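1. Okay, here's the prediction I keep looking at, along with the sequence it came from:
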Amino acid sequence: MKIKLIFPVLLAIGFIFCSSCKSDFEKLRAGGDVDLIYTKAFAYYEAEEYLKAQNLFELIINNLRGKVEAEKVYFYYAYTHFYLNRYVLASYYFKNFTTTFPNSTFREEAEFMIGFSNYNLSPSYRLDQTYSAKAVDQFQLFVNTYPTSERVAECNELIDIMRRKMEKKAFAEGELYYDLRQYQAATTSFENLLKDFPESPDAERVRFLILKGNYLLAQNSIFAKQAERYNDTLKYYKKFIKKYSTSKYRKEADSIFNNTTKKLKQLENDRYQIQSSRS
């Protein structure tokens with residue numbers, strides 16, 4: 001019986017306590033005491049209650065324009081968005097901070113956080129890589145601007161992660177075109193990949209797929225275009241063998257070369273016979 005009575009009492013106490021906390025926060029917001037709100041906002045921030053801190057920062061941020069405190073409030077206001085996983089807004093406010101307070105001691109960190117916010121927005125390599133590219137650009141700008149910063153090594157590491165993801169995205173796009181038998185589009189996509197990522201660990205396979213794709217394209221072309229495309233295949237073969245003479249794809253590449261050479265001879269004979277019959 002006592003247990004049944006104790007539970008409702010504890011529940012009521014808890015409800016009253018929570019209501020009291022809420023009313024204190026609301027009372028603080030409604031009070032308009034800028035100095036008190038400033039102090040409490042940072043107290044909430046330190047307690048990792050970022051939403052409450054953000055709400056309080058928003059109340060006073062305009063009142064502090066032109067004052068020393070404005071710089072610190074704006075900087076930590078941007079951080080509340082970051083810690084609440086609102087990375088688009090975090091990037092926006094960190095960027096605004098750097099232009100609003102160009103001489104701030106927080107500027108270096110804010111410049112880094114612009115890139116890091118975009119890094120956190122970067123999705124799986126299979127999805128659009130706009131934010132990955134933004135992160136790379138910002139980290140590279142940071143490295144160029146602050147070459148002696150202790151964050152340079154971290155920036156370079158994050159750049160490598162983003163570039164690898166963008167590279168995998170480019171490879172997946174080229175491979176998709178190849179699987180769909182859109183060999184011209186595949187070649188264009190793969191060649192752009194090699195241009196953007198010349199040190200790609202997938203470079204050998206990419207160059208082989210360009211060779212094979214052009215061979216298959218020639219095979220499936222109309223008679224008038226076959227000779228030109230088979231000759232393109234020979235050019236890609238020579239480039240591939242020159243770079244990867246001991247490649248695991250060498251046997252298949254040599255087979256493509258032999259078949260292409262035979263096909264070109266056959267096409268030359270066919271063309272000669274056609275010309276002879278016309279004569």
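-> Cool, the structure landed. Residues are numbered from 1 along each chain as shown.

2. Mind jotting down where the strands sit in this protein?
-> Applying DSSP state E to the chain gives no strands.

3. helices and strands of it: which one has the lowest mean pLDDT?
-> helix 2-31 (a mean of 59; mean pLDDT, DSSP states H and E).

4. S124 - how many residues pack around it?
-> 9 (other Cβ atoms under 10 Å). Using the backbone N, CA and C atoms, a C-beta is placed for each residue, glycine as well.

5. ugh, typo on my part, it should be E71
-> Neighbours around E71, by other Cβ under 10 Å: 18.

6. List the residues that contact it.
-> The contact partners of E71, by Cβ atoms under 8 Å, 6 or more residues apart in numbering, come to 101, 104, 106.

7. Looking at the residues you listed, which one is closest to A43?
-> Among these, F106 lies closest to A43 (Cβ to Cβ), at 19.7 Å.

8. Domain ranges for this protein, per the record?
-> What automatic domain parsing lists as the domains of the chain is 30-84, 87-180, 182-279.

9. Now distance to D24 too, for the ones you listed, in CSV please.
-> Formatted as CSV, those follow (distance: least, Cβ to Cβ, whole Å):
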stretch, distance to D24
domain 30-84, 10
domain 87-180, 27
domain 182-279, 56
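
10. which residues in this protein form helices?
-> Under the criterion DSSP state H, the chain contains helices at 2-31, 34-46, 50-60, 68-83, 87-100, 107-121, 130-145, 152-179, 183-196, 203-219, 223-243, 250-278.

11. per-stretch mean pLDDT over the ones you listed, give me the minimum one.
-> With a mean of 59, helix 2-31 has the lowest mean pLDDT of the helices of the chain.

12. ok, for N120, nearest residue in space, not its chain neighbours?
-> Nearest residue to N120, sequence neighbours excluded (Cβ to Cβ, 6 or more residues apart in numbering): Y87, at 4.8 Å.

13. Phi and psi next, for F106.
-> Here is the backbone geometry of F106 (degrees, to the nearest 10): phi -90, psi 0.

14. residues near it, how many?
-> 19.

15. Many thanks, have a good one.
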